[in-house]
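**Student:** pasting the sequence and the predicted coordinates here, then a few questions.
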Amino acid sequence: MAPRPAWKGYLKLSLVTCAVELTNVVTHTEKVSFRVLNRKTGNTVKRIYVDAETGKPLEEGNEIKGYELDDGDFVHIEEDEIAAVQIESSHTMALDGFVDKASIQQIYLDTPYYVAPADKVSEEAFAVIRDAMAGKKMAGLARIVLYQRERPVVIEPLGKGMVLTTLRYDNTVRQPDSVFGDIEAVKTDQEMTDLAELIIDKKKAKFDPSKFEDKYEDALLELIRAKKAGKKAPKPQAAPKPSNVVNLFDALKKSLSDGGAAKGSAKKARPAAKSGKAKASAPKRKSA
C-alpha cells in the first residue's frame, strides 16, 4: 500500500509549474509501541479533555482553539477559520533561489520528505526541473505551509525524484558559540593527535545504514518475549563505566594496538625515542 502524501501542491520554477506530492521519508510503523492500560482491568484507556476550572469532561464538539492574550483572555479560533488562511506557499513551492547544498549548515536541516510528480501530466516538467538542478549541482530554496506552519525548505534531485528538507528558522537555532563559547582553547600534543589520526584510519569505513542496529529496540523485544512466555524480565547487563581519569597518551596507544594498526599507517608514526619523551610527561595530561 502506497504511503499517504503529507502534502499536495505545485512546484514552480519561473513560469514552469508541475503538480507534486510530498511523502514522509521516515516511518515508525515497525517500532515497538505501547498502549496505556488500566492496571486493574487490563483495559485500554483513552484521553479526554477536562475543563480546567470545573473538572468536568468536555462533550464532543465543544472544544475550540484559543490564542492567549497578554491580559489572560483568549481569542477563540475555529478550525475552519484556520483552514481558510491561505498564502501562496499553502499550495505552491516557488523555487526562488539556488545554493550549493553543502553550504547549508547541518544545524539548520530538519525533516526530509520525498518529492514526486502527482500525476502523469506533471512528469515532464518535473523531470526538467530535476535534471536542470542536477546538471548545475544546485539545490533550490522555497517555502511551504506544512502542518499549519510556513517553513523554509531546500529541494534537491534524488534519483528519479527529489528530496525536500525543511529548514529551521535562524531565530530558533542556538548558535554554536552559545554552547561552545566556554570551551577553553587547548594546544594539543602533535604526537597524540597523530595517534588519534591512526585510530581514525584504522576504523575508516563506508557509510552503510543497513548495518545500523537499534540495540535498545532489541532489548525491549527481548523483554516483551520474556513477559509473554511468563518468564521474569531479563536482568539488565550493566555497561562497564569508563574511568574518570585516564592517561590520554597511554589510552591512545592502547586503542591503536587493539586489533592492529591500519595497513601502511605505521610510516606516519614518530620515532620511539620521541614517544618515550612524550610518555614521561604524560601524567600531566589527564582528561575527565
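**Tutor:** All right, it came through fine.
**Student:** switch to C-alpha atoms for all contacts and neighbour counts from now on
**Tutor:** Fine.
**Student:** what about the helices in the stretch 101-250 of the chain?
**Tutor:** 123-136, 176-180, 190-202, 215-228, 248-257 (DSSP state H, counting those that start in this stretch).
**Student:** mind putting these into CSV with distance to residue 77 and mean pLDDT?
**Tutor:** Putting the helices of the stretch 101-250 of the chain into CSV (distance: least, C-alpha to C-alpha, whole Å; pLDDT from 0 to 100) gives the following:
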stretch, distance to residue 77, mean pLDDT
helix 123-136, 38, 96
helix 176-180, 37, 90
helix 190-202, 56, 88
helix 215-228, 41, 84
helix 248-257, 60, 79
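**Student:** dump the ones you listed to a markdown table, plus distance to residue 26.
**Tutor:** Formatted as a markdown table, the helices of the stretch 101-250 of the chain follow (distance: least, C-alpha to C-alpha, whole Å):
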| stretch | distance to residue 26 |
| --- | --- |
| helix 123-136 | 22 |
| helix 176-180 | 27 |
| helix 190-202 | 30 |
| helix 215-228 | 17 |
| helix 248-257 | 36 |
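**Student:** relative to residue 105, which of those is closest?
**Tutor:** helix 176-180 (11.1 Å; C-alpha to C-alpha).
**Student:** beta partners for residue 8?
**Tutor:** For residue 8, the beta-bridge partners are residue 21 (DSSP bridges).
**Student:** residues contacting it?
**Tutor:** Taking C-alpha atoms under 8 Å, 6 or more residues apart in numbering as the contact definition, residue 8 lies against 19, 20, 21, 22, 91, 118.
**Student:** tell me the contacts of the fourth one?
**Tutor:** Under the criterion of C-alpha under 8 Å, 6+ apart, the contact partners of residue 22 comprise 5, 6, 7, 8, 113, 114, 115, 116.
**Student:** show me those that map onto strands.
**Tutor:** Residues from these lying in strands, with DSSP state E as the criterion: 7, 8, 113, 114, 115, 116.
**Student:** closest to residue 237 out of these?
**Tutor:** Nearest to residue 237 among the ones in strands among the contacts of residue 22, with distances taken as C-alpha to C-alpha, is residue 113, at 38.2 Å.
**Student:** from residue 146, how far off is that closest one?
**Tutor:** Here residue 113 is placed at a distance of 11 Å from residue 146 (C-alpha to C-alpha, to the nearest Å).
**Student:** ok, now residue 169?
**Tutor:** Using C-alpha to C-alpha, residue 169 is found at 14 Å from residue 146.
**Student:** between the two, who's got more neighbours?
**Tutor:** residue 146 (14 against 11; other C-alpha atoms under 10 Å).
**Student:** what pairs with the more buried one across the strands?
**Tutor:** Beta bridges link residue 146 to residue 149 when assigned by DSSP bridges.
**Student:** I'd say it and residue 7 touch.
**Tutor:** Yes - under the criterion of C-alpha atoms under 8 Å, residue 146 makes contact with residue 7 at 7.3 Å.
**Student:** hang on, the earlier thing: can you tell me which of the contacts of residue 8 is nearest residue 108?
**Tutor:** For these, the nearest to residue 108 is residue 22 (19.9 Å; C-alpha to C-alpha).
**Student:** any idea how far the closest one is from residue 97?
**Tutor:** 20 Å.
**Student:** next: residue 110.
**Tutor:** 19 Å.
**Student:** likewise for residue 142?
**Tutor:** Distance from residue 142 to residue 97, by C-alpha to C-alpha: 7 Å.
**Student:** which one's more surrounded, those two?
**Tutor:** More neighbours surround residue 142 than the other of residue 142 and residue 97, with 22 against 12 (other C-alpha under 10 Å).
**Student:** just the buried ones from the contacts of residue 22?
**Tutor:** Buried by 16 or more other C-alpha atoms under 10 Å: 5, 7, 8, 113, 114, 115, 116, out of these.
**Student:** tell me which of those is nearest to residue 192?
**Tutor:** For the buried ones among the contacts of residue 22, the nearest to residue 192 is residue 113 (42.5 Å; C-alpha to C-alpha).
**Student:** pretty sure the closest one is touching residue 163, no?
**Tutor:** Yes - using C-alpha under 8 Å, residue 113 is in contact with residue 163, at 5.7 Å.
**Student:** look at the residue nearest to residue 100 when sequence neighbours are not counted and say how many residues are nearby.
**Tutor:** Closest residue in space to residue 100, ignoring its immediate chain neighbours: residue 138 at 5.1 Å, by C-alpha to C-alpha, 6 or more residues apart in numbering. Residue 138: 19 surrounding residues under other C-alpha under 10 Å.
**Student:** fine, thanks again, bye for now.
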